[in-house]
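Student: let me see the structure of the following:
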Amino acid sequence: MSALTLDHLTIHFGPVEAVRQVSLSVREGEMVSLLGPSGCGKSTILRTIAGLYPPTRGTIRVGTQVVNDPQRNIFVPPEQRQLGMVFQSYAIWPHMSVFENVAYPLMVRKTPKPEVEDRTHAILKLVGLEGLARRPATDLSGGQQQRIAIARSLVFEPRVLLMDEPLSNLDTKLRLKMGIELKRIQERTGVTTIYVTHDQSEALALSDKIVVMRGGRVEQIGTPAEIYDTPASPFVGWFIGSSNFIPATLVSQQEKVARVALDGTGIDVDARLSRENLSREEPLIVCARPEHIRIVPRGSPGAVEVKVLSGAYLGERRQWLASLGDVPIEFFTPPETVLQRNGSAWITFAGAAPTAFRRTEHEEFGH
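Tutor: Numbering: from 1, shown residues only. Okay, the predicted model is just below:
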């Protein structure tokens, strides 16, 4: 069953179209991330789901209930949508204890006191704050305050939990730890969650499904593996992880599998096509992940010579920047591999097949 449905959602602020024709179906218990750069419309969508912004067109359903439909003049107020929300700023009430902060949604709903006690203590235990119930909320660390915000949003058992960059105020190590905890809590409770972030690593680690956005539009919807391994556009390939973009020309194709020639190398490689029915010798751009490139001995079948420009030791591996003619190429090697700066190396695309796009798509994107 769909817990949340957006159908051709469009949102204007005056003459500015912030979100255009976004459709999305979220299953019960699913964790879906809205991912994209600042200004792409992801937080606007979240606030519209919450009832804080009115949509211009389209419908929003929570379960089977229509909560927004401008065409039929339907608008359900935020407090009647049974949605939980966690903000970037935590929004902790400084004059209340940890217990009072978390119990507040139950108290305003006039829940019987014994039930308030039971449910609040249960959710505090779930988020690891059971021994801190009577402490002033502001005495806790940033990570603990974030747990308060999460517990408060879950204690009244919302139909959908909305989270707007909830980890962005934490330092890197604490973000990683809290991300793991957040996924554990979400899986334990089974609450359907919409998670807004601009951090690709966060989205890949936490999500069952990712919605990649740019300029108010959806670029791609898929699982983390689908988004990473088979980007639907050059923007997705660029924004998610690291990618090399190499000019190429179509040699032959069978549906969405093709043989392409890397320009200026004399080397052909297999690639997935982003679309079918491309014309022969059409200019393409190949999107290849650095981890799918391998160093091989000179003269190996399909080997391409590159000039090594620089390297960086990253502990578990080395990162290299090289040039293939005028095209920069990034790749990784084991930490014990040492290449000579300004020397030559030979590479192949030995991992997953790269994805090829029309070159005009890449030129339009501008990267």
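Student: for G41, give me its contacts.
Tutor: Applying C-beta atoms under 8 Å, 6 or more residues apart in numbering, we find G41 in contact with I11, A18, V19, V22, M213, G215, G216, R217. The way it works is simple: take the backbone N, C-alpha and C, and place the C-beta from them, glycine included.
Student: which residue packs closest to the last one, ignoring adjacent ones?
Tutor: Put plainly, it is R217. R20 (5.3 Å; C-beta to C-beta, 6 or more residues apart in numbering).
Student: element containing that neighbour, please.
Tutor: Per DSSP states H and E, R20 falls inside strand 16-27.
Student: neighbouring strands for that strand, and are they parallel or not?
Tutor: Applying DSSP bridges, strand 16-27 is found paired with strand 2-13 (antiparallel).
Student: got the buried residues for the partner strand?
Tutor: For strand 2-13, burial by neighbour count (16 or more other C-beta atoms under 10 Å) applies to A3, L4, T5, L6, D7, L9, T10, I11.
Student: distance-wise, check the fifth one relative to K125.
Tutor: Looking back up the chat, that one is D7. From D7 across to K125, the span is 39 Å (C-beta to C-beta, to the nearest Å).
Student: for the nearest residue to K307 once chain neighbours are set aside, what are phi and psi?
Tutor: Spatial nearest neighbour of K307, excluding adjacent residues (C-beta to C-beta, 6+ apart): S323 at 4.9 Å. The phi/psi pair for S323 (degrees, to the nearest 10) reads phi -130, psi 140.
Student: contact partners for S323?
Tutor: Counted by C-beta under 8 Å, 6+ apart, S323 has contacts V306, K307, L309, I329.
Student: rewinding a little: out of the contacts of G41, which end up buried?
Tutor: The buried subset of the contacts of G41 - by 16+ other C-beta under 10 Å - is I11, A18, V19, V22, M213, G216.
Student: which of those sit farthest apart?
Tutor: Farthest apart among these by C-beta to C-beta are I11 and M213. That separation is 12.4 Å.
Student: how about the nearest residue to L262 once chain neighbours are set aside, secondary structure?
Tutor: Of all residues not flanking L262 in the chain, A248 sits nearest, at 5.2 Å (C-beta to C-beta, 6+ apart). At A248 the chain is in strand, as set by DSSP: H, G, I helix; E, B strand; the rest coil.
Student: please name the bridge partners of A248.
Tutor: L262, L284.
Student: could you tell me how many residues sit around it?
Tutor: Using other C-beta atoms under 10 Å, A248 has 27 neighbouring residues.
Student: name the SS class of the residue lying closest to P94 once chain neighbours are set aside, please.
Tutor: The spatial neighbour of P94 that comes closest, neighbours along the chain excluded (C-beta to C-beta, 6+ apart), is T138 at 4.8 Å. Classification of T138 by three-state DSSP places it in helix.
Student: and for R175?
Tutor: helix.
Student: show me what L161 bridges to in the sheet.
Tutor: Residues in beta-bridge contact with L161 (DSSP bridges): G84, T193.
Student: need the contact list for it.
Tutor: L83, G84, M85, V86, S153, L154, Q186, V191, T192, T193, I194.
Student: go ahead and confirm the fourth one touches P158.
Tutor: Read that as V86. No. If you go by C-beta atoms under 8 Å, V86 and P158 don't touch, sitting 10.6 Å apart.
Student: and those two? Which one has more around it.
Tutor: Neighbour comparison, V86 and P158: the larger count goes to V86, with 24 against 20 (by other C-beta under 10 Å).
Student: pLDDT value on that one, please?
Tutor: On pLDDT, V86 comes in at 92.
Student: quick check: it vs E79, distance?
Tutor: Taken as C-beta to C-beta, the span from V86 to E79 is 17 Å.
Student: do E316 as well
Tutor: Taking C-beta to C-beta, one finds E316 at 49 Å from E79.
Student: chain neighbours aside, what residue packs nearest to T56?
Tutor: H12 (4.5 Å).
Student: same question, Y104
Tutor: Y104 sits nearest to R152 (C-beta to C-beta, 6+ apart), 6.6 Å away.
Student: isn't that neighbour up against V102?
Tutor: Yes. The pair R152 / V102 is scored as a contact, 4.8 Å apart, by C-beta under 8 Å.
Student: packing partners of the helix or strand of the chain with the lowest mean pLDDT?
Tutor: Ranking every helix and strand in the chain by mean pLDDT, DSSP states H and E puts helix 359-365 at the bottom, with a mean of 79. Applying 3 or more C-beta pairs under 8 Å, 6 or more residues apart in numbering; DSSP states H and E, we find helix 359-365 packed against helix 234-239, strand 283-288.
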